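Undergrad: Here is the input, now give the coordinates:
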Amino acid sequence: MRGEFSETTNDLLSFSPLTLYRSGRVQLINVWRPLRAPARDMPLAFCDSRTVDKEKDLVYSRLLYPPPGQPGHQVEGETFNVKHNEKHDWYYVPDMGPQEGELRF
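TA: Residues are numbered from 1 along each chain as shown. Model (predicted):
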């Protein structure tokens, strides 16, 4: 599995983000798993989105990516950072081991 993933990843990285976007065949999938031992000190945690005040807790942030071989040119993206709020409800996956994973679409 590791070799297949690596080859697929290398194939995807050979395309520019703009080429992928224009193809209309883009989906972001986030996979999280511990690499070696069970995650006990810093386990994966999820904030319940129903407890986030979208007007007060979310802070817009620009992401700048300088593509390789193109000095001075930047690819831009965006995301939100989340401010701490006592009203947030959090859930975590205790003792998640390397053989387990969490998949988010």
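Undergrad: quick one: contacts for the most centrally placed residue in the chain?
TA: Geometric centre of the chain, nearest residue: residue 30, 5.2 Å, by C-alpha atoms, centre = their mean. For residue 30, the contact set (C-beta atoms under 8 Å, 6 or more residues apart in numbering) comprises 103-105. For the C-beta atoms, the positions are set from N, CA and C on the backbone; glycine is no exception.
Undergrad: what about residue 98, neighbour count?
TA: Neighbour count of residue 98, defined by other C-beta atoms under 10 Å: 12.
Undergrad: What of residue 39?
TA: 20.
Undergrad: now swap in residue 64 and tell me
TA: Per other C-beta under 10 Å, the neighbour tally for residue 64 reads 8.
Undergrad: What of residue 51?
TA: By the measure other C-beta under 10 Å, the count of residues near residue 51 is 13.
Undergrad: what's the answer for residue 34, then?
TA: Neighbour count of residue 34, defined by other C-beta under 10 Å: 19.
Undergrad: mind checking pLDDT for it?
TA: Looking at residue 34, its pLDDT reads 91.
Undergrad: OK, contacts around the closest residue to residue 83 other than its chain neighbours?
TA: Of all residues beyond its chain neighbours, the one nearest residue 83 is residue 57 (4.9 Å), with distances taken as C-beta to C-beta, 6 or more residues apart in numbering. Listed by C-beta under 8 Å, 6+ apart, the contact set of residue 57 reads 82-83, 85, 88.
Undergrad: Considering the residues you listed, which possesses the most neighbours?
TA: residue 88 (16 neighbours).
Undergrad: Is it in contact with residue 52, as I believe?
TA: Yes - Residue 88 is in contact with residue 52 according to C-beta atoms under 8 Å; the separation is 6.5 Å.
Undergrad: Surely residue 82 and residue 47 touch.
TA: Yes - under the criterion of C-beta under 8 Å, residue 82 makes contact with residue 47 at 6.8 Å.
Undergrad: Surely residue 47 touches residue 87?
TA: No - counting by C-beta under 8 Å, residue 47 does not reach residue 87; the two are 10.5 Å apart.
Undergrad: Tell me which of these two has more neighbours.
TA: residue 47 (14 against 10).
Undergrad: any low-confidence regions in this structure?
TA: Within the chain, the stretches with pLDDT under 70 are 1-18, 20-21, 67-69, 73.
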